[in-house]
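> Based on what follows, work out the 3D shape:
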Amino acid sequence: MTLLLKLLLAPLLVAGSSLAGRRWGPPVAGVLVALPIVAGPILLITCLEHGPRFGAQAAASSLLGLVSLLLFVVVFGHAARRLRWPGALAVSWAACLAADAGLAQVSLPPYVSVALVLVSAWLAARALPRAEPGPAPSAARPPWWDLPARAVATGALVLVVTGAASAIGPAATGVLAPFPIATSVVAAFALARDGAPGAVRMLRGVPGGLVGFAVFCLMVALLVPRLGAYPAFGAALAVNLAVQAVALRAVRTRRAAGPAPSPEHQTFTRAAPS
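This is a model prediction of the structure:
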């Protein structure tokens, strides 16, 4: 059962969110990749394989991993203005992994970690480059290998992190769970096809979207020891989906209303209920 979850659950979720992002555009894609479509399966498998206490600790640590993910978003947004997608990914991954290595050594109460994520999301939204006007998103169809590549990369991350969980412990497992696989793929394709303006438009949806992700991780950390894996994840997922539905509605309403407001009037909740 857990092997099937490793091989199928997260890759299918990534493929589904990728198709939805193509249908509704870069800002919506930015919100969708902030769903726990990779970290959620990793944390569930960790709970099933290592018990609720291990899983709860990993979920609490995954909140700190969201801080690293936000750093990735900011670094990629700025690198996209100067580098092609391979260079932007390399710089952003290096920054994210360095942050993960440091945060894996930190232990904070879950509520403090949530506060840190909220502050980091607020700062990240303001640190991102301005969403300058650019060409309309390309209508060209992605190559045939796009979705399979995303699914394989996702499955590989799930297998590596869950397979190494016993050796690296719950803190490192949790911090690595939100590693930006889905975000990396979507951002790289946006940069390659639509240039820096397209990549930045997509990335600006992520910080607010991660608020729902943080709520998901907090609920898992608090509920798994009391309710067990499946009820806890079910409740956390229901709340997360409700939050993301609000985020998607907000994004689509803004798009229908016309040009985005000036940066002075934007808040990190512009894509929020990540």
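> elements contacting the one helix or strand Pro41 maps to?
Taking DSSP states H and E as the criterion, Pro41 maps to helix 39-50. Applying 3 or more CB pairs under 8 Å, 6 or more residues apart in numbering; DSSP states H and E, we find helix 39-50 packed against helix 2-4, helix 10-24, helix 52-79, helix 146-176, helix 206-227, helix 229-257. Where you see a C-beta, it was placed from the backbone N, CA and C, and this is true even at glycine.
> now the ones you listed as JSON lines including mean neighbour count?
Formatted as JSON lines, the helices and strands packed on helix 39-50 follow (neighbours: other CB atoms under 10 Å):
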{"stretch": "helix 2-4", "mean neighbour count": "10"}
{"stretch": "helix 10-24", "mean neighbour count": "19"}
{"stretch": "helix 52-79", "mean neighbour count": "25"}
{"stretch": "helix 146-176", "mean neighbour count": "19"}
{"stretch": "helix 206-227", "mean neighbour count": "25"}
{"stretch": "helix 229-257", "mean neighbour count": "17"}
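> Tell me the secondary structure at Phe179.
coil (DSSP: H, G, I helix; E, B strand; the rest coil).
> For the remainder of this discussion, apply numbering that starts at 42.
Got it, the first residue is 42 from now on, which makes the last one we talked about Phe220.
> about what we covered before: want to try a markdown table for the helices and strands packed on helix 80-91, with distance to Asp235 as columns?
Shown next, in a markdown table, are the helices and strands packed on helix 80-91 (distance: least, CB to CB, whole Å):
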| stretch | distance to Asp235 |
| --- | --- |
| helix 43-45 | 36 |
| helix 51-65 | 12 |
| helix 93-120 | 14 |
| helix 187-217 | 15 |
| helix 247-268 | 16 |
| helix 270-298 | 15 |
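> Quick one: closest of these to Gly236.
helix 93-120 (12.7 Å; CB to CB).
> Any stretches of this protein with poor pLDDT?
Scanning the chain for pLDDT under 70 picks out the ranges 42-44, 46, 58, 61-63, 65-75, 172-183, 288-289, 291-293, 295-315.
> OK, contacts around the residue nearest to Val55 when sequence neighbours are not counted?
Take Val55 and drop its neighbours on the chain: the residue closest to it by CB to CB, 6 or more residues apart in numbering is Thr195, 4.6 Å away. Applying CB atoms under 8 Å, 6 or more residues apart in numbering to Thr195 gives the contacts 51-52, 55, 79, 222-223.
> between the residues you listed, which is nearest Val287?
Ala223 (20.4 Å).
> That closest one reaches Ala190, doesn't it?
No. Applying CB atoms under 8 Å as the test, Ala223 and Ala190 come out as separate, 11.8 Å apart.
> Now do the shared contacts for these two.
Between them, Ala223 and Ala190 share no contacting residue under CB under 8 Å, 6+ apart.
> where does the residue nearest to Val55 sit relative to Thr87, distance-wise?
As judged by CB to CB, to the nearest Å, Thr195 and Thr87 stand 16 Å apart.
> tell me what the helix or strand hosting Asp235 is packed against?
Following DSSP H and E, one finds Asp235 within helix 222-244. If you count contacts as 3+ CB pairs under 8 Å, 6+ apart, helix 222-244 packs onto helix 51-65, helix 67-73, helix 93-120, helix 126-144, helix 187-217.
> Would you tell me which of those gets closest to Ala229?
Smallest distance to Ala229 across these (CB to CB): 4.2 Å, for helix 126-144.
> Other residues contacting the closest one?
Contacts of helix 126-144 (CB under 8 Å, 6+ apart): 102, 105-106, 108-110, 112-113, 116-117, 120-121, 124, 216-217, 220-221, 225, 228-230, 232-233, 240.
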